[in-house]
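K.L.:
Here is a sequence with its predicted model. Questions after.
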Amino acid sequence: MLDARINLAIPLKTDVDIEEADVTLTNAVQQVAWHTTPPLQEQHIHDGCPALLKQKLTEKRKARKGWQITRAPQIQQAG
């Protein structure tokens, strides 16, 4: 796909020729990349977790964070 867009018969004798070839090559690479990149798919957020389970997970995370901050044995044993 990129081979069809690149012209190897471009003279590269002046700075202008080199700049034009650079821009042409950059554009060709970008177009091929955009063409071959698959489109983004919508991300579906599934909220299938029961409320009680969410509450228990939140409590567990808070307890773990409290223990990590204080390193208190009472907090560790409570969990």
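P.N.:
Ah, there it is. Numbers count the residues shown, from 1 in each chain.
K.L.:
tell me, what residue is most central in the protein?
P.N.:
Nearest to the centroid of the C-alpha atoms of the chain, with distances taken as C-alpha atoms, centre = their mean, sits Leu40, at 11.3 Å.
K.L.:
Can you classify that residue as helix, strand or coil?
P.N.:
coil (DSSP: H, G, I helix; E, B strand; the rest coil).
K.L.:
do you know how far Gln68 is from Glu59?
P.N.:
15 Å (C-beta to C-beta, to the nearest Å). Every C-beta, even on glycine, is put in place using the N, C-alpha and C of the backbone.
K.L.:
Give the burial count for the closest residue to Pro11 other than its chain neighbours, as a bare number.
P.N.:
Leaving out its chain neighbours, the residue that sits closest to Pro11 by C-beta to C-beta, 6 or more residues apart in numbering is Asp17, at 5.5 Å. Asp17 has 12 neighbouring residues, counting by other C-beta atoms under 10 Å.
K.L.:
and Asp17, what helix or strand is that in?
P.N.:
helix 15-36 (DSSP states H and E).
K.L.:
I would like the residues contacting that helix, please.
P.N.:
With C-beta atoms under 8 Å, 6 or more residues apart in numbering as the test, helix 15-36 has contacts from 1-2, 5-7, 10-12.
K.L.:
Keep only those of these that are in helices.
P.N.:
Members of these lying in helices (criterion: DSSP state H): 2, 5.
K.L.:
Any chance of CSV for the contacts of helix 15-36, columns pLDDT, neighbour count and distance to Leu53?
P.N.:
Supplementary listing: those in CSV, determined by pLDDT from 0 to 100; neighbours: other C-beta atoms under 10 Å; distance: C-beta to C-beta, whole Å:
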residue, pLDDT, neighbour count, distance to Leu53
Met1, 76, 9, 49
Leu2, 75, 12, 51
Arg5, 78, 13, 54
Ile6, 81, 13, 57
Asn7, 77, 10, 61
Ile10, 82, 13, 64
Pro11, 86, 9, 69
Leu12, 88, 10, 66
